[in-house]
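> Sequence and predicted structure are below.
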Amino acid sequence: MNFEQARTNMIEQQIRPWDVLDQRVLNALAAVPREKFLPQAYDGLAYSDTRIPLDNDRISLNPNIEARLLQAAVLESDDRALIIGSGSGYIAACAAKMCKHVESIDTSEEANNTAQESAASCGIDNIKFITGDLISDLPDKTTYDAIIVNGSLQNVPERLKTRLSTMGRLIVTVGTEEDPIMETFVIRRIGESDWLEQSIFDTHIPSLIKAKPQDEKDSFVF
């Protein structure tokens, strides 16, 4: 299979038509071989508009949704980004092509190890993979210019919002598995205790695995 041509076709036929026009995002998608982040049995579907099962009960998102999440993060070259839910490692790898440093947290050490190996095979070395609870085990006292949640949440924990730097962006999809439609939001921190949120598109994606339930007082419900 000609993966390079398939990658170009994905960008032109799936990504651009879904209003992903940020050239830095398109360049990252063109530079990262998505097939290296998926089980070999499915590499022929790496650039198809479909979800692909991963190990440990995880599922890769459709490429157009991954691209929309990356575009919404508005990553700059000096940014520090956090990915909640490593999954295949593909979103982290694309983000790493766009910014200075990426941290990616997942509950599965095996998933992180596989993602790390995939990133290394592409020469990407500015990602730190962290194994732990997706919310409560975030590194202490660290703030990020962008946080991308690679899966849906029923609500948005306050802990994620407070981990944003000033003008930092949190990209998160809110809803339950039973909802026919979920909303993806950009939440931007504009002050010490002030945030702005904007709904950017509707979708339906799998929920994060083993994210510990948050107390009502610690969550922000849309």
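Done, it's in.

> Name the helix or strand for the residue nearest to Y144 when sequence neighbours are not counted, please.
Take Y144 and drop its neighbours on the chain: the residue closest to it by CB to CB, 6 or more residues apart in numbering is L82, 4.4 Å away. (C-beta placed from N, C-alpha, C; glycine too.) For L82, the enclosing helix or strand under DSSP states H and E is strand 80-84.

> and that strand, which residues are buried?
Residues R80, A81, L82, I83, I84 are the ones in strand 80-84 that count as buried (16 or more other CB atoms under 10 Å).

> Would you map the helices across the chain?
3-10, 23-31, 63-73, 90-98, 109-121, 158-162 (DSSP state H).

> I'd like the ones you listed as JSON lines, with mean neighbour count appended.
Output for those, formatted as JSON lines (neighbours: other CB atoms under 10 Å):
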{"stretch": "helix 3-10", "mean neighbour count": "15"}
{"stretch": "helix 23-31", "mean neighbour count": "17"}
{"stretch": "helix 63-73", "mean neighbour count": "24"}
{"stretch": "helix 90-98", "mean neighbour count": "26"}
{"stretch": "helix 109-121", "mean neighbour count": "18"}
{"stretch": "helix 158-162", "mean neighbour count": "17"}
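
> between these, which one is nearest to D179?
Closest of the helices of the chain to D179 is helix 63-73, at 15.9 Å (criterion: CB to CB).

> Let me know the angle separating that closest one from helix 3-10.
Relative orientation of helix 63-73 and helix 3-10, computed by axes from the mean of the first three to the mean of the last three CA atoms, to 10 degrees: 70 degrees.

> Next, the angle from helix 63-73 to helix 90-98.
Interaxial angle of helix 63-73 relative to helix 90-98 (the same axes, to 10 degrees): 40 degrees.

> Put the alpha carbons of helix 63-73 into PDB.
Output of helix 63-73 as PDB, limited to C-alpha atoms (Å, rounded to 0.1, in the frame of the first residue of the first chain):
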ATOM      1  CA  PRO A  63      -8.700  11.200  11.600                       C
ATOM      2  CA  ASN A  64     -11.000  14.200  11.000                       C
ATOM      3  CA  ILE A  65     -11.900  14.400  14.600                       C
ATOM      4  CA  GLU A  66      -8.300  14.100  15.700                       C
ATOM      5  CA  ALA A  67      -7.500  16.900  13.300                       C
ATOM      6  CA  ARG A  68     -10.300  19.100  14.600                       C
ATOM      7  CA  LEU A  69      -9.100  18.600  18.200                       C
ATOM      8  CA  LEU A  70      -5.600  19.600  17.200                       C
ATOM      9  CA  GLN A  71      -6.800  22.700  15.300                       C
ATOM     10  CA  ALA A  72      -8.900  23.800  18.200                       C
ATOM     11  CA  ALA A  73      -5.800  23.700  20.500                       C
END
